[in-house]
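1. sharing a model that was predicted from the sequence below.
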Amino acid sequence: MLGFRRKCSATRTRCRAAVETVGPYRGSAAVLFGPVRRAQTWTFSVRRVCVVAEFVRVPGRVLHSRQRMMRFMLLFSRQGKLRLQKWYTATAERDKKKMVRELMQIVLARKPKMCSFLEWKDLKIVYKRYASLYFCCAIEEQDNELITLEVIHRFVELLDKYFGSVCELDIIFNFEKAYFILDEFLMGGEIQDTSKKSVLKAIEQADLLQEEDESPRSVLEEMGLA
Amino acid sequence: MPAPIRLRELIRTIRTARTQAEEREMIQKECAAIRSSFREEDNTYRCRNVAKLLYMHMLGYPAHFGQLECLKLIASQKFTDKRIGYLGAMLLLDERQDVHLLMTNCIKNDLNHSTQYVQGLALCTLGCMGSSEMCRDLAGEVEKLLKTSNSYLRKKAALCAVHVIRKVPELMEMFLPATKNLLSEKNHGVLHTSVVLLTEMCERSPDMLAHFRKLVPQLVRILKNLIMSGYSPEHDVSGISDPFLQVRILRLLRILGKGDDDSSEAMNDILAQVATNTETSKNVGNAILYETVLTIMDIKSESGLRVLAINILGRFLLNNDKNIRYVALTSLLKTVQTDHNAVQRHRSTIVDCLKDLDVSIKRRAMELSFALVNGNNIRGMMKELLYFLDSCDPEFKADCASGVFLAAEKYAPSKRWHIDTIMRVLTTAGSYVRDDSVPNLIQLITNSVEMHAYTVQRLYKALLDDISQQPLVQVASWCIGEYGDLLISGQCEEEEPIQVTEDEVLDVLEGLLVSNLSSPVTRGYSLTAIMKLSTRFSSVNRIKKVVSIYGSSIDVELQQRAVEYNALFKKYDHMRPALLERMPIMEKTASNGPTEIVQTNGEAEPSVVEPKHPPPVGQPASQGNDLLDLLGGNDVPVIPTTMPTKPASAGGELLDLLGDLSLGLSLMAFYLFDLFKTVNFLSTGIPPMTAYNKNGLKIDFTFERANPNPNVAVITIHASNSTEADMTDFVFQAAVPKTFQLQLLSPSSNVVPALNQGTVTQVIRVLNQQKQQLRMRIKLTYIHKGSAVQDLAEVNNFPPQSWQ
C-alpha cells in the first residue's frame, strides 16, 4: 500500500515538471495527468504534452478553465453549527473549514431585510433561511441567482416530503439521508431531475433495498449466535 | 467485544455535551473505539462506524483514518455498505489524495452492476469527485450508460459525462455520437441533463458549438412546448412548467446564438414570447425572465427585443422583492455601456434604489448611478449622490466620495460648481476621502483666479462651523494663508461679503494650532498660513510671536517650520514679502484629468478664459526656463511655473522649498539657482550635474524628460560666472555621436554676468532612440576682460536616468 503511494507521488512530481515546461498551457495541466501518469518514459510524456498543446492552440478554440456550476452547498444553523456540506470542487480540508467559518459569519450577520445574494471572493453566494436553518450555495459569476433560490427551495421541499414536515433535528439525526436526497437531486452541482416525484421515488426504492440488506443479516446473525 | 453504540445514540450523547471540552472528550473516546474496531477488521459494524465518523467530521473533527474503510465498504456486496461507503468517499476523499485511485476498480464494477441504484451510486461518486485519471479510465462505461434506455441511469450518465469533459476535455468527442438522440427524450430529467451536457461541450469547443447550432430549432420547439403546454403537476412550480429546464435551454440558446446571425434570428420569436408570456408574480417567473434578458443581451437580437429586455429590468427595479431589484441593478450595470440610453430612461428608479434599506442594493445602485452620470444630468445626479453621501453608512463613504470627485472632474458644468461640490464632500465625508484630494482641491482653487475671493470666504465660514474634518481644514488654512487679504477686504461678488477682522482670522488659525482635533499635518498647514498672512495683514507682531512660540514645539516638523520662519523674520526680512508672494497657477497634469471639458449641456456657464501665467510686476514675457534670470534680477521671485508636476504633494513641496530657502544662504542668485535645481530634480527625479567648471565659468546641466516622447532628453544648461568681470559674446556649442540627434535652442543671453549675479540658460534637446549612454562634446567661446577665450570639453558623466 505504502509502496504504491510513494511510486505514485514520484511519477506525479515528474509530470509536474513536464507540465511546467509547457508554460502557457498550464491551464490544462490537470488534463495531462492521466496519460502522463501512465506513461513509462519521459519522452512519451513530453510528446503527449505537445499533442494536447496543439489541441489547445487551434485558432479560435477557447478552453475555459473556469467551470460554470455550483461550487458548494452548506446548511448551517442560526447558532453557526454546520449541518450539511457538499463540495463540488476539490478543496483542502483546511480551506473548507476556513471558508465555512467566514461565510457563516457573514451570512449570520445579515439582517432579514437584506437580499439573499452577496458577492464573496470570486463567487456569488445565494442563501435562504428556512426556520432555524440557513441554506447557502456558492455559484459563479454568470449563474442565475434567482433560479438558485428555486434550487434551494426544491431541496427543502424534497426534505420536507421525505421526512414529513422537516425540522433541523431530522437533518441532524438523519444527516446521511439528507445527503442521499441531495445526491439524488444534484450531481456535480447540476440538477439531475426536475421532477420531485422521480427523485423521491428513487430514494424510497434505495431505502427499500437497504432494508432488504438488513433483514437477512439479522437472520444470519441469529444463526451465528445459535 | 461489545457492539459499538448506534449512530443516533452517539448523536444524542454528543448533543448532551455542555461544553466544547466535554464534546471533544466524548469524541476522542468514540474515535478510539472506532479505530480499534477498524483495526480488528470488523465487517459487521464497519458501516455504522464510518457513519459515526462522518458525523464527527461534520462537527470539524479529523476523520481521515476512515478513508480506507470507505473503500472497503464500497467493495462490500451489501447495498447499505455501498451507500455509506460512497457517501464517505465523497466527503472524506478527493482527487488530491492518491488513495482515491484505489476506488477506480470498484466503481468500474459497480457501473456494470445489475442494480440500477448501485450503478447510480457509482455514477454519482464519479460525477462528484472523479479525478482526471479516473475519468480517463471510466469514460467508456459512462458513454455506454449514456446510451441506455433507462432514464434513471441516462440522466446520471449525462451529468457524469459533463464532469468527465470538465476534467479531460479531449474526451469530449467520445460523447458526440451519444448526444444525437438526447433532445428527443421525453423524460425531463434526461432532457435537463442533456442540455447541461450540450452546454458544456459548446462552451469548451468552437467546433462543437458550430456542430450543435443546428439544434436551435429543436430547442426552440421544446421551449415553446414548455410555455404553451397546459398544467403538468409533475414539473409545475407555482404555475410555471419546469422553470429549471427553461432556464437551462435559454442559457444554451445564449451560447448558440452569440455572434451568429442565423441562430439569433431563429430564436428571436421565442425569446419575445417567453419575455411577454411569463407570469411574474413569483420568483420562478422572474428567474426565467432574468435568464431571457441575459440571452437577449448576449445574442445578436433585434433592437426592439433589446429595449424589451431593458424594460423588463426596469420593471424588476420596481418589484417588491429585494432579490429581484438586486438582480436588476446588477444586470443593468453590465449593459450600461452598450445600451446607455435605454438604461438612462430608468434613472429615476435607479436613484430611488439609493434609499433602499438593503446594503447590497444600495451599493449596486450607487455604482450604477455613477455610471449614468453625464454632462446633461450632472447637477441633478450629484444632488442625489451628495444626499446619499450625507446619509449612507461609513462603508460607502470612501467609494462614494471618490466617485463624486471623478464625476465632478469629468462633467463639472462650472468652476464654482466644481469647487462647491468638492467642498461639500469634504464637509460631509472629509475623513473618508483619499489623501490626494487636498492638493487636488488646492490646485483647482488656485487655477480659478476669479473664484478666489468666493472660495476663501466659503472656506472660512466652513472653518467656523467645524474644524474636525481634517482635509477641509487643511484646504481652508491654505486658502486663508494665500488669499487672506481678499477675505479681509470683503470683495466677494458671488455672495454677500462677510466682515471679518485680521484678528478674527488669526484667532481661527491659532485655534487650529492648539486644537486637539488637528492632525500634525493640519498644524503645519495652519502655521504656514499664519506666516503667509504676515505679508498680507498688518498685525505682523502678533504673527512673529506665534511663530517664535512654535520654535520650541515638540513636534519636529512644526518646530522646523517655525524656526525657519523665525529666521526669515530676523535675517531675511527684506526678502520675506517676495518669498511669501502668492502662488502662481499650477499646471495641470494628465493624471488630473481634463477639468475644462464642459459637455454641451445648455446649463453650463460660459467658461472663463484664464490667464496662463500670473501677471508678476514688470516681468517680461518669458518661458519657464528663463525664469532664473527673472529670479536673479527681480525682486518678485516667482516659483517657476514648470514646477508642480506632482499635484499630489505640490502644496507640501512648496512649503518645504520655502523652508530650504530661509536657511543659511548668503547669495541670492546662488540659492535661487539651487532652488531651481532642486525644483527640477524634484519634478523629474534626475539629479543635476556640473559639466564644466574652469576659469570661473561654471556650466550646470539640469534634466527633464519630454513627456510625449521619452526618447527625448531635455537638458537645460546654466552658465554662471564667479569672476569680477562679465563674460561677453558667450557662445555655447555642443556635439553628440551620430546615434543621437541634437537640437540647440537659442540662449537667454550672450553675457554671463560677473559675481554669479545671474546665469545664461540654454535648452538642448537630445533625441536618443537607442537609449545609449549619453556623451557630449562642448565648445565654449567668450570674451573675458577683453580677450577671447575658447575651450573644449567632453562630458561623459551624465546621470543614467537622463538617457535610460
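-> Yep, that arrived. Here the structure is a predicted model, which is why all the values come from computation and not from measurement. Numbers count the residues shown, from 1 in each chain, chains lettered A, B, ... in the order given.
2. CA atoms for contacts and neighbours, from now on please.
-> OK.
3. what residue ranges in chain A score low on pLDDT?
-> Chain A contains residues with pLDDT under 70 at A:1-68, A:215-226.
4. mind listing the helices for it?
-> Using DSSP state H, the helices assigned to chain A run over residues A:2-22, A:29-38, A:42-57, A:93-109, A:145-163, A:168-173, A:175-185, A:196-225.
5. got the contact list for the shortest one?
-> So the one you mean is helix A:168-173. Residues from elsewhere that reach helix A:168-173, judged by C-alpha atoms under 8 Å, 6 or more residues apart in numbering or on different chains: A:77, A:83, A:132-133, A:163, A:177-178, B:8, B:11.
6. confidence-wise, which helix or strand of chain B is lowest on average?
-> Using mean pLDDT, DSSP states H and E, the weakest-scoring helix or strand in chain B turns out to be helix B:627-633, at a mean of 38.
7. right, and B:Glu141 touches B:Asn109 too?
-> No. Contact criterion C-alpha atoms under 8 Å: B:Glu141 and B:Asn109 do not qualify, at 9.8 Å.
8. thinking again about what came up before, just the buried subset of the contacts of helix A:168-173, please.
-> Neighbour-count burial within those applies to A:77, A:83, A:133, A:177-178, B:11; the criterion is 16 or more other C-alpha atoms under 10 Å in any protein chain shown.
9. tell me the one among those residues nearest to B:Val307.
-> Relative to B:Val307, the closest of the buried ones among the contacts of helix A:168-173 is A:Leu133; by C-alpha to C-alpha it sits at 40.6 Å.
10. can you pull the contacts of B:Lys258?
-> By C-alpha under 8 Å, 6+ apart, the contact set of B:Lys258 is B:264, B:298-300.
11. pick out the most distant pair among those residues.
-> Greatest spatial distance in the contacts of B:Lys258: B:Ser264 and B:Asp298, 9.7 Å, computed using C-alpha to C-alpha.
12. pull up the overlap in contacts between those two.
-> Residues touching both B:Ser264 and B:Asp298 by C-alpha under 8 Å, 6+ apart: B:257-258.
13. who has more neighbours out of these two?
-> Legend: neighbour count by other C-alpha atoms under 10 Å in any protein chain shown for B:Ser264 and B:Asp298, higher for B:Ser264 (24 against 18).
14. from memory that one sits against B:Ile255, does it?
-> No. With contact defined as C-alpha under 8 Å, B:Ser264 does not reach B:Ile255; the gap is 10.1 Å.
15. count the residues that sit near residue 103.
-> Going with chain A. Residues lying near A:Leu103 (other C-alpha under 10 Å) number 16.
16. actually it's chain B I care about, not the one you picked
-> Count around B:Met103 with other C-alpha under 10 Å applied: 21.
17. coming back round to it: could the contacts of helix A:168-173 go into CSV alongside distance to A:Glu211?
-> Below are these laid out as CSV (distance: C-alpha to C-alpha, whole Å):
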residue, distance to A:Glu211
A:Ser77, 31
A:Arg83, 25
A:Ser132, 31
A:Leu133, 30
A:Phe163, 17
A:Lys177, 14
A:Ala178, 17
B:Arg8, 17
B:Ile11, 22
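18. out of these, which one sits closest to B:Asp42?
-> B:Arg8 (20.0 Å).
19. that closest one: what secondary structure?
-> Under DSSP: H, G, I helix; E, B strand; the rest coil, B:Arg8 falls in the helix class.
20. show me what contacts it?
-> Shown in contact with B:Arg8 (C-alpha under 8 Å, 6+ apart): A:Phe173.
21. quick one on the thing from earlier: which neighbours do B:Ser264 and B:Ile255 share?
-> Contact criterion C-alpha under 8 Å, 6+ apart; residues shared by B:Ser264 and B:Ile255: B:Ile299.
22. and the pLDDT for the nearest residue to B:Ile296 once chain neighbours are set aside?
-> Here the nearest residue to B:Ile296 in space, its sequence neighbours aside, is B:Arg306; by C-alpha to C-alpha, 6 or more residues apart in numbering or on different chains that works out to 6.3 Å. For B:Arg306, the pLDDT comes out at 90.
23. can you check the one 4 residues further on too?
-> B:Ile310 is assigned a pLDDT of 90 by the prediction.
24. and it, how far from B:Ile699?
-> Separation of B:Ile310 from B:Ile699 (C-alpha to C-alpha, to the nearest Å): 69 Å.
25. and what of B:Asp352?
-> The spacing between B:Asp352 and B:Ile699, counted by C-alpha to C-alpha, is 67 Å.
26. who's more crowded, the two?
-> Each of B:Asp352 and B:Ile699 has its neighbours counted (other C-alpha under 10 Å); B:Ile699 has more, 21 against 14.
27. right, and B:Val359 touches A:Met114 too?
-> Yes. Assessed by C-alpha under 8 Å, B:Val359 is found in contact with A:Met114 at 7.1 Å.
28. now do the shared contacts for those two.
-> Between them, B:Val359 and A:Met114 share no contacting residue under C-alpha under 8 Å, 6+ apart.
29. look at these two and report which has more neighbours.
-> Using other C-alpha under 10 Å, the more surrounded residue of B:Val359 and A:Met114 is B:Val359, with 21 against 16.
30. list the contacts for the more buried one?
-> Taking C-alpha under 8 Å, 6+ apart, one finds A:Met114 in contact with B:Val359.
31. show the pLDDT at it.
-> In this model, B:Val359 is scored at 81, pLDDT.
32. mind checking the end-to-end distance for stretch B:480-498?
-> Using C-alpha to C-alpha, the end-to-end distance of stretch B:480-498 comes to 14 Å.
33. now do it: distance to the chain's middle.
-> Mean C-alpha position of stretch B:480-498 versus that of the full chain (C-alpha atoms, centre = their mean, to the nearest Å) differs by 39 Å.
34. repeat for stretch B:250-259
-> Chain-centre distance of stretch B:250-259: 32 Å, with C-alpha atoms, centre = their mean.
35. average pLDDT across that stretch?
-> The average pLDDT for stretch B:250-259 rounds to 94.
36. one more: stretch B:19-27?
-> Stretch B:19-27 comes out with an average pLDDT of 94.
37. residues making contact with it?
-> Applying C-alpha under 8 Å, 6+ apart, the contact partners of stretch B:19-27 are B:14, B:17, B:56.
38. just those now: which is nearest B:Glu724?
-> Nearest to B:Glu724, judged by C-alpha to C-alpha, of the contacts of stretch B:19-27 is B:Met56 at 95.9 Å.
39. okay, the strand or helix carrying the closest one in PDB with CA atoms only?
-> Remark: B:Met56 resides in helix B:46-58, with elements defined by DSSP states H and E. Extracted C-alpha coordinates of helix B:46-58, given in PDB (Å, rounded to 0.1, in the frame of the first residue of the first chain):
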ATOM      1  CA  ARG B  46     -17.800  -1.000   9.800                       C
ATOM      2  CA  CYS B  47     -20.700   0.800   8.200                       C
ATOM      3  CA  ARG B  48     -22.000   2.100  11.400                       C
ATOM      4  CA  ASN B  49     -18.600   3.200  12.500                       C
ATOM      5  CA  VAL B  50     -17.900   5.100   9.300                       C
ATOM      6  CA  ALA B  51     -21.300   6.800   9.500                       C
ATOM      7  CA  LYS B  52     -20.400   8.000  13.000                       C
ATOM      8  CA  LEU B  53     -17.100   9.200  11.700                       C
ATOM      9  CA  LEU B  54     -18.900  11.200   9.100                       C
ATOM     10  CA  TYR B  55     -20.900  12.900  11.800                       C
ATOM     11  CA  MET B  56     -17.800  13.800  13.700                       C
ATOM     12  CA  HIS B  57     -16.200  15.000  10.500                       C
ATOM     13  CA  MET B  58     -19.100  17.400  10.100                       C
END
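40. fine by me, we can end here.
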